[in-house]
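Chemist: kindly generate the corresponding structure for this input.
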Amino acid sequence: MRPEQTRVLDYLRAKGTEAPLPELRGHLAATFRKIDALLDSVPPDLRSAPPAPGRWSVHELVDHLVESHRRAVEQLRFLVAGRRPLSAAIPASLQSSAPLERPWDDLVAELRSIHRAFLDLVDGATEETSLDITAPVVMVVKAPQGDGTIPMEWEEELDWKAFTQAFRGHTAEHRAQIERTLSALGAAPGASAA
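Modeler: Got it, this is the predicted structure:
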């Protein structure tokens, strides 16, 4: 296992598996609030614009979050009930069949609904909820190679608290990607869609 992988797993153990439930829930809720605020600020004319050829637009990034987090809610539902999810790990680059065809407002509303469901499941868990049951999660980290970095992808089994932290991290990473995309398109940080 490479050092980058070990660091991620150590982080998920410390900030997920071993974290007090109120702290885990608080960080998750804060991350969801931050992405909500960012999505409210995306100028309409920049939502579907890719920052470069072959790169996802903000609209496509939100579609990815909807598709992957919808599945994550179902997996978390099993985990907090003490059962192993029936579904396979969520693919790292999951998108709908036509990500740009869904209206922006509908997509954002669905993402918020999914995140509320995720928080409700965490709220329904307790410190006694079993950590022995796991779900497969596709992990992706950037690793140095030559003068740059490459994505490393592998599958890891995570308990419900580490799973929750992994999807909090997934949300935070894509929020940062949305900010980078908007910056590349010339949008001022925190610009309002007014």
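
Chemist: quick one: low-confidence parts of the chain?
Modeler: For the chain, the stretches with pLDDT under 70 are 188-194.

Chemist: for the longest helix along the chain, which positions count as buried?
Modeler: Among the elements of the chain assigned as helix by DSSP state H, the one spanning the most residues is helix 160-184. For helix 160-184, the neighbour count (16 or more other CB atoms under 10 Å) marks 160-172, 174-175, 177-179, 181-182 as buried. (Each C-beta comes from the backbone N, C-alpha and C, glycine too.)

Chemist: next one: that helix to chain centre, how far?
Modeler: Taking CA atoms, centre = their mean, to the nearest Å, one finds helix 160-184 lying 5 Å from the centre of the chain it belongs to.

Chemist: now swap in stretch 111-118 and tell me
Modeler: Taking mean C-alpha positions (CA atoms, centre = their mean), stretch 111-118 and its chain are 12 Å apart.

Chemist: who touches it?
Modeler: 28, 32, 35-36, 39, 62, 65-66, 69-70, 72-73, 76, 164, 167, 171 (CB atoms under 8 Å, 6 or more residues apart in numbering).

Chemist: by neighbours, which of these wins?
Modeler: Thr164 (30 neighbours; other CB atoms under 10 Å).

Chemist: for that one, give me its contacts.
Modeler: 16, 24, 28, 76, 118, 122.

Chemist: how about the host helix or strand of Val140: buried residues?
Modeler: Element membership of Val140 [criterion: DSSP states H and E] is strand 135-145. Of the residues in strand 135-145, 135-139, 141 count as buried by neighbour count, 16+ other CB under 10 Å.
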